[in-house]
Every structure is written in structure tokens, then in C-alpha cells.
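>>> Prediction below, plus the sequence it came from.
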Amino acid sequence: MAPIPLYKPQDLVKKAGKQALFPAFMGAAAPPSQQRSLVGLKRLMHERNLDPHGLEATVYDTQGCVLSATLHEAVDLSQNVHTLTEPGTGVIFNGDHDLMGLLVDGPVVAQSFDLYYLHWGFDSTHCVRLGAHANYFVTAALQGCSIFVTGDPASPTVYHLNANSAGANAPNDAARYQAKVQVMQARFNAARKVMGGSQGSSASASMLDYMPGMLSAAGTAQLEYDHGVSGTSWHHVGTHAFRSFWKVDQDELMQFGTVFGVRESGRWSFYFQKRSRHEYRYKTWMSGNAQHAQWSAECRRFWPA
């Protein structure tokens, strides 16, 4: 199947409201950048006993962040040509249903379009100020990072922050997660003072918005119920005939995040998509083991607030 062309900015928003969007970076070299010290962050983090990593921000050249991209249906992508793999998990998403693969820096074809792509790194702060070189923005898939946007809608600054090492000595997961959130917020506050942008014009999509570990027990139970994860050996597999006879022996739910931006009439808007992947294996007397993966997505605009 040919790539899906993006004719207008609202096409991407419309599709992202129904399908999960996975940004797959094909591996271009990082654009020109400079390091800027985050003034006051070292003292602040010492006072709050926070992780000392990431005391500088990597600031990228605006025009250098423009790359070519295409939008595909994951079920039509060849694993041998374009592998959709979530960083750090090794899980391959080729063939998944309800998933769009946004291939960044792949071969240029007729349906290609320009976008800004913001790099990232462990225990670091990466940012870029957008302009009018492209009408779309995307950064890497989110598995624990936070994205902040601030400034003028005509030329906002976007931050991708990671605090992988924060909270290593925390007594439990909740404390570790809270330490990560504090570190990323402190780094953004320091970076914003250096790069500009008011607190009032800022908004974020953080790990609190999409990681299952951030949810309450009731929230997790509801998420599992919505996706049919019952924890039992028999499962209601709604996409197949004779579903009540098919026995599930593996039932897993994963949740991630995607942030993308759209420029329309000279102004940027940013969207956060919480995407969930339900994977299961089932047994029948005819086909033996079969694997199935289904995605669902929730998409909302978070900036301007």
C-alpha cells in the first residue's frame, strides 16, 4: 500500500484521533547544536537533593532540524525495509493494526513532507526554536520523558527532557517517578530562563500523562478493563469469529506517548497522544498459536493551553 499523503495539517490531527501514531526515526546525523548552561540549576538541585545530571541544554539549529517524512499504515510496512521498533523494548510493531508509522528521514517519495524533528538523550535537555521552515513537528516516542512548549505561537521553543538516572535510590516506584518529574520540571524552569518564554505561556506532556505506572489502582483497572485484559486464561477476543472458544495464553498491555505539532496560518499548535498497545496470543484447535496486536489512541491539544 502506498504511503498516506498529508494534504492539510488537519489530516494528521484527524487521523491521530483514531489511530496511534509512532514516530520512527530512520537515523540522520544530529543537526548543528550548542550547549547552554542552565543557570542556577546546580544550586537548586543540590538544595532539593535531586540528580545532578543534565546541567546543560543542547540547543539545536532551527533549519538543521528539518527532515523529510512519510506516513504509512504499520500493517503495510515491511519489517526488512522499515522496522518499527520501540526504543528500549525490542518489540517490533510492523503488522500492527490501527498504527501509523511516521517515518522520519526515510527515502524521499512523492508523498514526503518536511517536518522539524527534535533529538533526545538520556539524562539531558534538548530544545529547538521552531520557525516557518516546515509545518509539522515531531520528536521521539515517549517512554518516560517529558515535552514542554513555551513562547510565541509563531515561533515556540520545544523541549524534550529525560531524567533516566533520577530517583535511583528511591525506596519505591512512586518516589522514583516523583523524583524524575521534579528533575525534569527543574531543568525546564532553568532552561526557560535561558531560552526565554514565560511560565504562563508554557504547557507540557509529561510521564504523568501516559505511563501506566503513574495511574492509580482504579485507573489501571479501568485501562485494563477497556482493553479486555482480564488476567484469566479465557478471553473475549472481539476481532475474531468464535471468540469464546479461543484460549489466550499471553495478554499484555503497554502504553506510550507521542507529541506532534502542526503549523497553520502561521501559528503552532501541539498535540499529545496517549497510545495503548494490547498484544495477545490465542490458541485454537485449527491454527495453534496466533499473535494479535491492536492499538488505541487518545489525542488532545495541550498547547496553546
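Structure received. Quick caveat, the model's predicted, so the values are computed rather than measured.

>>> which residues touch stretch 75-82?
1, 24, 26, 72, 84, 92, 94-97, 99, 101, 103, 106 (C-beta atoms under 8 Å, 6 or more residues apart in numbering). Just so you know, the C-beta spots here come from the backbone N, C-alpha and C atoms, and that holds for glycine as well.

>>> how does it look with 10 Å?
Stretch 75-82 is touched from outside by 1-4, 24, 26, 70, 72, 74, 83-85, 92-99, 101, 103, 106-107, with contacts defined as C-beta atoms under 10 Å, 6 or more residues apart in numbering.

>>> In helices, which of the residues you listed fall?
Per DSSP state H, helices hold no members of those.

>>> In ChimeraX, how would I select the buried members of these?
Filtering these down to the buried ones (16 or more other C-beta atoms under 10 Å) takes a single ChimeraX command:
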select :3,4,24,70,72,74,84,93,94,95,96,98,99,101,103,106
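
>>> which residues of this protein fall in helices?
Under DSSP H, the chain gives helices at 9-16, 41-47, 173-195, 217-227.

>>> worst average pLDDT in these?
Ranked by mean pLDDT, the helices of the chain end with helix 217-227 in last place, scoring a mean of 62.

>>> quick one: S269 and K18, what's the gap?
Per C-beta to C-beta, to the nearest Å, S269 is found 18 Å from K18.

>>> quick one, which of the two is more surrounded?
S269 (18 against 11; other C-beta atoms under 10 Å).

>>> ok, the more buried one to G167 distance?
From S269 across to G167, the span is 33 Å (C-beta to C-beta).

>>> the strands in the stretch 1-150 of the chain, which residues?
In the stretch 1-150 of the chain, the segments counted as strands under DSSP state E, counting those that start in this stretch are 20-25, 33-37, 56-60, 66-73, 99-104, 113-118, 125-129, 136-139, 146-152.

>>> mind putting the helices of the chain in TSV, mean neighbour count and distance to R129 included?
TSV is the format used below for those (neighbours: other C-beta atoms under 10 Å; distance: least, C-beta to C-beta, whole Å):
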stretch	mean neighbour count	distance to R129
helix 9-16	17	20
helix 41-47	14	20
helix 173-195	20	7
helix 217-227	12	35
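
>>> Those helices: which one's closest to L161?
Nearest to L161 among those is helix 173-195 (4.3 Å), distances taken as C-beta to C-beta.

>>> circling back to that earlier point, quick check: which of the helices of the chain is nearest to S112?
Each of those has some distance to S112 by C-beta to C-beta; the shortest is helix 9-16, at 14.1 Å.

>>> chain center to that closest one, what's the gap?
How far helix 9-16 lies from its chain's middle: 16 Å, per C-alpha atoms, centre = their mean, to the nearest Å.

>>> What lies in contact with it?
Residues contacting helix 9-16 (C-beta under 10 Å, 6+ apart): 4-6, 8, 21, 71, 100, 102, 113, 115, 135-136, 138, 258, 260-265, 269, 271-273, 275, 297-301.

>>> how does it look with 8 Å?
Outside helix 9-16, the residues that reach it (C-beta under 8 Å, 6+ apart) are 4, 6, 21, 71, 100, 135-136, 258, 260, 262-264, 271, 273, 297, 299.

>>> got a winner among the residues you listed for most neighbours?
T258 (26 neighbours).

>>> Any idea what that one is bridged to?
Q273 (DSSP bridges).

>>> ok, it touching E86?
No - if you go by C-beta atoms under 8 Å, T258 and E86 don't touch, sitting 11.3 Å apart.

>>> how long is stretch 81-92 from one end to the other?
End-to-end distance for stretch 81-92, by C-alpha to C-alpha, to the nearest Å: 13 Å.

>>> Let me see the mean pLDDT of that stretch.
80.

>>> try stretch 197-216
Mean predicted confidence for stretch 197-216 is 75.

>>> Ok, which of the helices of the chain comes nearest T62?
Of all the helices of the chain, helix 173-195 sits nearest to T62, with 12.4 Å by C-beta to C-beta.

>>> From the contact counts, what lies against that closest one?
Under the contact criterion of 3 or more C-beta pairs under 8 Å, 6 or more residues apart in numbering; DSSP states H and E, helix 173-195 touches strand 33-37, helix 41-47, strand 56-60, strand 125-129, strand 146-152, strand 155-161.
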